[in-house]
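Peer 1: After the sequence you'll find the predicted model.
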Amino acid sequence: MTTVGYGDKTPKSAPGQAVAIVLIFFGYLTFAWFTATVASALTVSQLEGAVRGPEDLSGKRVATVTGSTTERFLRHLPGVRVATYPLIEGAYPALLAGEVDAVLYDYPSLAYYAQNAGRGKVRLVGPIFQHEAYGIAFPEGSPLRERVNRALLEIREEGLYDRIYAKWFGATGP
């Protein structure tokens, strides 16, 4: 479409030239859109990494904490070779040394490591595989329970929770 004038038939009339200009313009847009779409797809694919779900862990060496719900979850996945550590901090050096292919554990712990000590060395990939709530336990009838619940509600409503989360984990909550 844009080789007009290089031996091809060229429009001679003003309406023909106008149509040619429109075709050239839309040809450029179409080519740019196509190039951007392909580049974007390749970039997203590379950023997402090789883990998009639990099924992608088959054949991989995966580290987690001994006795955790994550260990029980991994033991039920076919083909996953599970390496356990007493503390999650023991799994990070194994990952950096190439002894394991991935570390699976609680999102806040992994996000904190990736944002701080692991920055530039590791990255979080894939979705959260299994949502689990955290809780705070108090003795039956404790006067602290109500005060803590109110304080947590206040920091959520004021946006302080999101600011704290972003500071320590580098993003808004999962």
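Peer 2: Nice, I can see it. Note that the coordinates shown come from a computational prediction; the quantities given were computed from them, not determined experimentally. Numbers count the residues shown, from 1 in each chain.

Peer 1: How far off centre is whichever strand or helix holds residue 28?
Peer 2: In this structure, residue 28 sits in helix 14-48 according to DSSP states H and E. Centroid displacement of helix 14-48 relative to its chain, using CA atoms, centre = their mean, to the nearest Å, is 29 Å.

Peer 1: Determine the number of other residues adjacent to the residue nearest to residue 127 when sequence neighbours are not counted.
Peer 2: Leaving out its chain neighbours, the residue that sits closest to residue 127 by CB to CB, 6 or more residues apart in numbering is residue 53, at 6.7 Å. Every C-beta, even on glycine, is put in place using the N, C-alpha and C of the backbone. Applying other CB atoms under 10 Å, we find 9 residues neighbouring residue 53.

Peer 1: Residue 53 is in contact with residue 128, isn't it?
Peer 2: No - using CB atoms under 8 Å as the test, residue 53 is too far from residue 128 to be in contact (10.6 Å).

Peer 1: secondary structure class for residue 62?
Peer 2: Assigned with DSSP: H, G, I helix; E, B strand; the rest coil, residue 62 falls in the strand class.

Peer 1: ok, it - contacts?
Peer 2: 74, 80-83, 100-104 (CB atoms under 8 Å, 6 or more residues apart in numbering).

Peer 1: Dump the residues you listed to TSV, plus neighbour count and secondary structure.
Peer 2: Putting the contacts of residue 62 into TSV (neighbours: other CB atoms under 10 Å; DSSP: H, G, I helix; E, B strand; the rest coil) gives the following:
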residue	neighbour count	secondary structure
74	21	helix
80	19	coil
81	14	strand
82	20	strand
83	19	strand
100	22	coil
101	18	coil
102	20	strand
103	24	strand
104	27	coil
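
Peer 1: Alright, I will stop here.
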